[in-house]
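**Q** what follows is a protein structure lacking sequence information:
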């Protein structure tokens, strides 16, 4: 599917007030990502750049695990600056498309949680981010495998073009030494299909589809979900990556 940055921005901006209380899996991903960084590289960095910082869900965890002197943050949504300013003193915020970011200094760590799946050309992005890192700099991120939201894909045909872990590894090894790479699945269970739709809306994921559903389409989706997935589970399939510039 074609990705429209304006639609992605609008949907995530709408989801911000309820994002943190619904982003259960994203919180788990953030913690696992930071644990992987500390175990693979260490916890001390001069300059850190967080991409897609949003409401600061990863940022709060970052403060627990990582020591740094300079913190830069980026997001498509200008409101993100307000969330981050209340978390990190001296936050340097850069609003705009993360694929085109131009920070004023080189970074020792570039970090991002649950965002890289929105990039249409991961190889181009990883090559560019290499130029933003100091020598031996680290880039660490989480994304999702093709198994992510497999229930939604099977019922609607709507999905991102997720890369599997082997494809990601091939891209990374062109520019970096891979220090940590993990895939895991995590299932959320809901009381009814409407809760699943609300969960996706409140985490900004309804930017997957641009078409507005009418009452009949919602009912059809709910009926199919109950018939095909009576346990009312939704599968997340995160991938955690830590690598060093070579």
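**A** It's in. Bear in mind the structure is a predicted one, so any value in this text is a computation, not a measurement.

**Q** what strand or helix carries residue 239?
**A** Taking DSSP states H and E as the definition, one finds residue 239 inside strand 238-245.

**Q** lowest average confidence, helix or strand, in the chain?
**A** Sorting the helices and strands of the chain by mean pLDDT, DSSP states H and E puts helix 5-22 at the bottom, at a mean of 86.

**Q** quick one: the longest strand along the chain to chain centroid distance?
**A** When the chain is parsed with DSSP state E, its longest strand is strand 133-144. Relative to the chain's own centre, strand 133-144 is displaced by 14 Å; criterion: Cα atoms, centre = their mean, to the nearest Å.

**Q** what is the strand holding residue 239 packed up against?
**A** Packing contacts for strand 238-245, counted by 3 or more Cβ pairs under 8 Å, 6 or more residues apart in numbering; DSSP states H and E, involve helix 24-40, strand 133-144, helix 165-172, strand 176-183. Backbone N, C-alpha and C define where each C-beta goes, glycine included.

**Q** try it again at 6 Å.
**A** Taking 3 or more Cβ pairs under 6 Å, 6 or more residues apart in numbering; DSSP states H and E as the contact definition, the neighbouring helices and strands of strand 238-245 are helix 24-40, strand 133-144, strand 176-183.

**Q** could you give the average pLDDT over that strand?
**A** Across strand 238-245, the average pLDDT comes to 98.

**Q** also compute the angle for that strand relative to helix 24-40, please.
**A** With axes from the mean of the first three to the mean of the last three Cα atoms, to 10 degrees applied, the angle from strand 238-245 to helix 24-40 works out at 30 degrees.

**Q** so what's the gap between strand 238-245 and the chain middle?
**A** For strand 238-245, the distance from its own C-alpha centre to the chain's C-alpha centre is 13 Å (Cα atoms, centre = their mean).

**Q** who does it pair up with?
**A** In the sheet containing strand 238-245, the strands it pairs with under DSSP bridges are strand 133-144 (antiparallel), strand 176-183 (antiparallel).

**Q** end to end, how far does stretch 219-238 reach?
**A** Stretch 219-238 has an end-to-end distance of 29 Å (criterion: Cα to Cα, to the nearest Å).

**Q** can you list contacts of it?
**A** The set of residues external to stretch 219-238 that reach it, using Cβ atoms under 6 Å, 6 or more residues apart in numbering, is 25, 29, 142, 144-145, 147-148, 150-151, 155, 185-190, 193, 196.
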